[in-house]
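Trainee: 3D, please:
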Amino acid sequence: MKNYDGYGMIAHVYDKLNSEIDYSEWADFNERLFEKYLTARPEIVLDLACGTGSMTLEMVRRGYDMIGVDGSEDMLSVAYDRWIDLCIENEEKGDGEHTLKRPLYLLQDMREFELYGTVGAVLCCLDSINYLIEDSDVERCFSCVHNYLDPDGLFVFDVNTPYKFENIYSDNAYILEDEMLDGNGGDGKRQIYCGWQNHYDRDSGICDFYLSLFEEKDGVYQRSDECQRERCHTAEKLGTMLKNNGFELLGIFGDTDMNEPKADCERYYIVARAKK
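Mentor: Model (predicted):
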């Protein structure tokens with residue numbers, strides 16, 4: 001799969017629907033891991049499954065040379081537009097002399113991406129690994145990450161926990177309501193509603209998300225529908241697959257404060273070292 005269209009419908013509203021994510025705090029966590037487990041600050045960092053580039057740009061602000069890989073052309077288009085906006089913002093603040101390093105965005109499959117060389121660290125945020133349904137897909141991704149990491153380079157990723165699949169996702173339904181700029185160069189706003197119904201199969205560990213997006217345009221709501229799928233991967237299984245692909249598991253945390261996972265934590269933050 002060279003191109004992934006699963007985010008085509010929501011790419012332009014994705015950041016609104018995930019507005020609760022504190023990427024600055026998350027980037028602080030990444031840098032604490034760099035300081036703890038690396039002998040030097042990584043020169044080049046890959047943001048794998050970078051989406052709309054939120055983490056990519058947060059790391060750019062901190063001076064990192066970033067590569068963003070994603071399988072969705074729509075998400076990368078938004079990421080590129082956000083990079084332009086960041087440059088304009090930087091100029092308006094009078095920081096033109098502090099040139100931001102332009103990220104390299106690549107439209108590639110996270111299971112078989114190709115880079116021009118190795119990197120010091122690979123980040124993979126917001127449960128992207130859960131979108132790899134087959135164990136073989138996870139293995140291929142881990143193998144590819146290992147191939148493009150420097151010796152002793154770090155792989156930092158997160159996954160949704162079994163608790164989240166069984167209790168938060170389950171067969172529940174949710175509705176999000178927000179507003180966003182109309183995109184026509186003015187300051188008008190339009191309403192957006194996103195509703196989804198989940199179906200979780202405990203035997204397979206697969207959860208299907210049936211999404212419906214309603215966007216207000218000229219007083220009329222237009223509807224778009226999309227289905228996404230994630231699979232629950234246990235920490236034990238992921239640890240085994242990391243070891244099978246040349247990694248040393250360094251830690252599994254329950255939050256960005258590096259605390260031990262609790263029984264009801266919703267996300268595992270995993271860090272591993274590439275042994276070569």
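Trainee: List the neighbours of the helix or strand encompassing Ile252 that are in contact with it.
Mentor: Per DSSP states H and E: Ile252 is located in strand 247-253. By Cβ atoms under 8 Å, 6 or more residues apart in numbering, the residues outside strand 247-253 that reach it are 37, 142, 146, 154-155, 235, 239, 242-243, 258-261, 268-275. The C-beta positions use only the backbone N, C-alpha and C, and glycine is treated the same way.
Trainee: Which of those fall within helices?
Mentor: Tyr37, Phe142, His146, Ala235, Gly239, Leu242, Lys243 (DSSP state H).
Trainee: Strands along the chain, start to end?
Mentor: With strands called from DSSP state E, the chain shows them at 44-48, 65-70, 104-107, 119-124, 149-160, 173-181, 189-201, 206-217, 220-231, 247-253, 267-274.
Trainee: closest to Glu177 among the ones in helices among the contacts of strand 247-253?
Mentor: Ala235 (34.1 Å; Cβ to Cβ).
Trainee: Tell me the pLDDT of that closest one.
Mentor: The model reports Ala235 with a pLDDT of 97.
Trainee: ok, it - contacts?
Mentor: With Cβ under 8 Å, 6+ apart, Ala235 has these contacts: Thr161, Ile252, Pro261, Tyr268, Ile270.
Trainee: closest to Phe29 among the residues you listed?
Mentor: Ile270 (12.0 Å).
Trainee: could you list every residue that touches the closest one?
Mentor: Taking Cβ under 8 Å, 6+ apart, we find Ile270 in contact with Val156, Phe157, Asp158, Val159, Ala235, Leu238, Leu242, Leu249, Gly251, Ile252, Phe253.
Trainee: Show the buried residues in the residues you listed.
Mentor: The neighbour-count criterion (16 or more other Cβ atoms under 10 Å) marks Val156, Phe157, Asp158, Val159, Leu238, Leu242, Leu249, Ile252, Phe253 among the contacts of Ile270 as buried.
Trainee: Lys275: how many residues sit nearby?
Mentor: Neighbourhood size, Lys275 [other Cβ atoms under 10 Å]: 13.
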